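> this one's sequence-less:
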């Protein structure tokens, strides 16, 4: 099944709708403007929609499968995820990158995985073990430090 993302005036994805592969093939083919225009006759745009852009569930084209609130960059012809935190920036691959690299050590003890999350206020990675004890990632030493130490 083909899928199309409805794009608004700000290039934000409003919704994703499935389309018939044969209809797309008969009307310009995959990724064509003709197929997107045809799709408008099958599934009219919503009140805030201005166009349909085909998206790939496998990421075969347009970088990744579109999601609600993703942005479509027409110049790069790809979908970009929403910025997760104000401090994060896009890298050269258009992936969001934190100001502190993701921890290189993600397990403790007998290979138990930390639950890792970004702390925007402190600009640091926080890890929690299975007992919910909190640790802070220290990039300079590539180690975790128990909170409060």
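Thanks, I have it. Note that the coordinates shown come from a computational prediction; the quantities given were computed from them, not determined experimentally. Residues are numbered from 1 along each chain as shown.
> show me where the protein has helices.
21-26, 33-42 (DSSP state H).
> what packs against the first one?
Counting contacts by 3 or more Cβ pairs under 8 Å, 6 or more residues apart in numbering; DSSP states H and E, the secondary-structure elements packed against helix 21-26 are strand 2-8, helix 33-42. In short, each C-beta sits where N, CA and C put it, glycine included.
> of all the helices of the chain, which one is nearest residue 2?
For the helices of the chain, the distance to residue 2 is smallest for helix 21-26, at 4.6 Å, taking Cβ to Cβ.
> can you list the buried residues in that closest one?
For helix 21-26, the neighbour count (16 or more other Cβ atoms under 10 Å) marks residue 24 as buried.
> do the same with stretch 10-18
Using 16+ other Cβ under 10 Å as the test for burial, stretch 10-18 gives 11, 12, 13, 14, 16.
> and it, what's its mean pLDDT?
The average pLDDT for stretch 10-18 rounds to 97.
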